[in-house]
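Colleague: Pasting the sequence and the predicted coordinates here, then a few questions.
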Number of protein chains: 2
Amino acid sequence: MARTIGSDGEKTRTTIEATAKRLIARLGYEAMSMRLLADEVGVQSAAFYHYYPNKQELLFSLMRDHMERLLDAWDYESRKAHSPLERLSAFIRFHIHYHVERRDDVHIGNMELRSLGPENRATIVELRARYENGLREILDDGLDAREFVIDDIALTTRAIIAMTTGINLWFRADDRLTVAEIAEKYVQMGLRLVGAKKIETVKTGGRNVPVGPKIRSF
Amino acid sequence: MARTIGSDGEKTRTTIEATAKRLIARLGYEAMSMRLLADEVGVQSAAFYHYYPNKQELLFSLMRDHMERLLDAWDYESRKAHSPLERLSAFIRFHIHYHVERRDDVHIGNMELRSLGPENRATIVELRARYENGLREILDDGLDAREFVIDDIALTTRAIIAMTTGINLWFRADDRLTVAEIAEKYVQMGLRLVGAKKIETVKTGGRNVPVGPKIRSF
DNA sequence: GCTCTAATAAAACGCACGATCAATTAATTC
DNA sequence: GAATTAATTGATCGTGCGTTTTATTAGAGC
């Protein structure tokens, strides 16, 4: 046998990517063999090399695509909020929702940096830094506007990223809290961390809109 | 050749453990071959099996020993502090110092859970939960004593653990801040997170001793 | 100094790995 | 409907894996 009936390159490529994500997230890149991947996809292992030159390139492609989608999504989302306080809340909500809903991507992004070659690793590290800078800018602006009280912006940035990303380590869909509830609790913790107070909001047309006068912490 | 001059079981065992830690932390468990390990230790790969039944048992042993040392160390350290506020500060300081000074152990503990078999994994997960409970109890007590304002103890516990453990992702010894300075900044962030205020302390005989009356947040 | 045990070397086992190659068939194009 | 291109198989390559077996030597105990 050779080409199979109903075979479709685009479909196979998509299946390979989805399956690889699942397997790498569960087993780790090194532990996922090309034979297992091919089995799960339902093709011979040689078919893979029609789509990628090698295993490493697949990993890199998955990680880079994830980071680019993440940056695009935040870029789009960040336009909706304006004051530093709103923007920080929006960032935390966005980060949590995006990460919890893409566990495999995020897990691979966090665990498999070391499985990348030096050049590929550098590319991903740079994309991560760019994402982190999105948060850093918010804290900077909030400090300038005297809305936040922050001792060390770099550390606070990392602390907020770490504590929110950490949710994936324990969150299960059948947890006592929904993602949205968890996100709100983390927004509160984040606001505490930067010395701001939680503002009251109402849902208006699917958006959270602040109520009452702007609160300054001092 | 067989047994070599000056060979000493205890010394070889120690070298194997130290080398394995280094290699697993850098390359990952799956990516570290027994031949490389043996090469770095300076023996033939067969010699390893005089000390461990297999590769998996080595990993489990490293992870379990690390967790037991961690629990013992905190058990000892925790006796020194008394009020919830002091205890939380002590926990954060301890956690950061211990983790930054044992990067390889911690990295393996965080990254290689999935490389363990189901039973071994369960054992380590239980030890981790026990450690986390140490922090949870502090938050519980602080809430009971009205010293802390916490919305959700479970989440706050995880947030503090995540943000402090995250330091290892970026800290380098030649950073602009020393470990001690970083620890103090995280203590402040931790206290903010639980709605407490940082207490002034003086160094007295190597210990941090609070100054002035106890501060209540309400 | 002999005996016993601890610590290793050297070689090899069977297997699974990532990757390649030639052959073959389905789908597409003209 | 022939020619071309896309998609895949099946077999195989060389390599490196974790582990085992056997033999051998160094050190410890009496």
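Modeller: Sure thing, it's come through.

Colleague: what residues does chain A put near chain B?
Modeller: By CB under 8 Å from any CB of the partner chain, the residues of chain A that approach chain B are A:26-28, A:30-31, A:111, A:114-115, A:151-152, A:155-156, A:158-163, A:165-167, A:169-170, A:182, A:185-186, A:188-189, A:192-193, A:195. The C-beta positions use only the backbone N, C-alpha and C, and glycine is treated the same way.

Colleague: Where do the helices of chain A begin and end?
Modeller: Here chain A has its helices, by DSSP state H, at A:9-27, A:34-41, A:45-48, A:55-78, A:84-100, A:103-111, A:118-144, A:153-165, A:167-170, A:179-193.

Colleague: got the CA coordinates for the fourth one in PDB?
Modeller: What that stands for is helix A:55-78. Only the C-alpha atoms of helix A:55-78 are listed here, as PDB (Å, rounded to 0.1, in the frame of the first residue of the first chain):
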ATOM      1  CA  LYS A  55      11.300  15.700  15.600                       C
ATOM      2  CA  GLN A  56      13.100  18.800  16.900                       C
ATOM      3  CA  GLU A  57      11.500  21.000  14.300                       C
ATOM      4  CA  LEU A  58       8.000  19.800  15.300                       C
ATOM      5  CA  LEU A  59       8.700  20.700  18.900                       C
ATOM      6  CA  PHE A  60      10.000  24.100  18.000                       C
ATOM      7  CA  SER A  61       7.100  24.800  15.600                       C
ATOM      8  CA  LEU A  62       4.600  23.900  18.300                       C
ATOM      9  CA  MET A  63       6.200  26.200  20.900                       C
ATOM     10  CA  ARG A  64       6.700  29.100  18.600                       C
ATOM     11  CA  ASP A  65       3.200  29.000  17.200                       C
ATOM     12  CA  HIS A  66       1.900  28.900  20.800                       C
ATOM     13  CA  MET A  67       3.900  31.900  21.800                       C
ATOM     14  CA  GLU A  68       2.800  33.900  18.700                       C
ATOM     15  CA  ARG A  69      -0.800  33.100  19.200                       C
ATOM     16  CA  LEU A  70      -0.500  34.100  22.900                       C
ATOM     17  CA  LEU A  71       1.100  37.400  22.000                       C
ATOM     18  CA  ASP A  72      -1.500  38.100  19.300                       C
ATOM     19  CA  ALA A  73      -4.300  37.300  21.700                       C
ATOM     20  CA  TRP A  74      -3.000  39.600  24.400                       C
ATOM     21  CA  ASP A  75      -2.300  42.300  21.900                       C
ATOM     22  CA  TYR A  76      -6.000  42.100  20.900                       C
ATOM     23  CA  GLU A  77      -7.300  41.800  24.400                       C
ATOM     24  CA  SER A  78      -5.100  44.600  25.900                       C
END
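
Colleague: Is there contact, residue-wise, from that helix to DNA strand D?
Modeller: No: judged by CB under 7 Å from any atom of the strand, helix A:55-78 stays clear of DNA strand D, getting no closer than 12.6 Å.

Colleague: Check which helices and strands that helix sits against.
Modeller: helix A:9-27, helix A:84-100, helix A:103-111, helix A:118-144 (3 or more CB pairs under 8 Å, 6 or more residues apart in numbering or on different chains; DSSP states H and E).

Colleague: taking these together, which one is wrapped up most tightly?
Modeller: Among these, ranked by average contacts under mean count of other CB atoms under 10 Å in any protein chain shown, first place goes to helix A:84-100 (a mean of 22).

Colleague: For the buried ones among the residues of chain A next to chain B, write the corresponding PyMOL selection.
Modeller: Entered in PyMOL, the line below selects the buried ones among these, by 16 or more other CB atoms under 10 Å in any protein chain shown:
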select buried, chain A and resi 28+30+31+111+115+152+155+156+158+159+160+161+162+163+165+166+167+182+185+186+188+189+192+193+195
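
Colleague: gap between A:Thr82 and A:Val187?
Modeller: For the record, residue A:82 is His, not Thr. Distance, A:His82 to A:Val187, by CB to CB, to the nearest Å: 16 Å.

Colleague: These two: which has the busier surroundings?
Modeller: A:Val187 (20 against 10; other CB atoms under 10 Å in any protein chain shown).

Colleague: With mean pLDDT and distance to A:Leu62 added, can I get the helices and strands packed on helix A:55-78 in CSV?
Modeller: Below are those laid out as CSV (pLDDT from 0 to 100; distance: least, CB to CB, whole Å):
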stretch, mean pLDDT, distance to A:Leu62
helix A:9-27, 95, 6
helix A:84-100, 97, 16
helix A:103-111, 96, 6
helix A:118-144, 96, 10
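
Colleague: Ok, which of the ones you listed comes nearest DNA strand C?
Modeller: Closest of those to DNA strand C is helix A:9-27, at 9.5 Å (criterion: CB to the nearest atom of the strand).

Colleague: what domains does the record give for chain A?
Modeller: A:1-51, A:54-210 (automatic domain parsing).

Colleague: okay but A:Arg35 is in contact with A:Ser45, surely?
Modeller: Yes: in this structure A:Arg35 lies within contact range of A:Ser45 using CB atoms under 8 Å: 5.1 Å.

Colleague: Many thanks, we can stop here.
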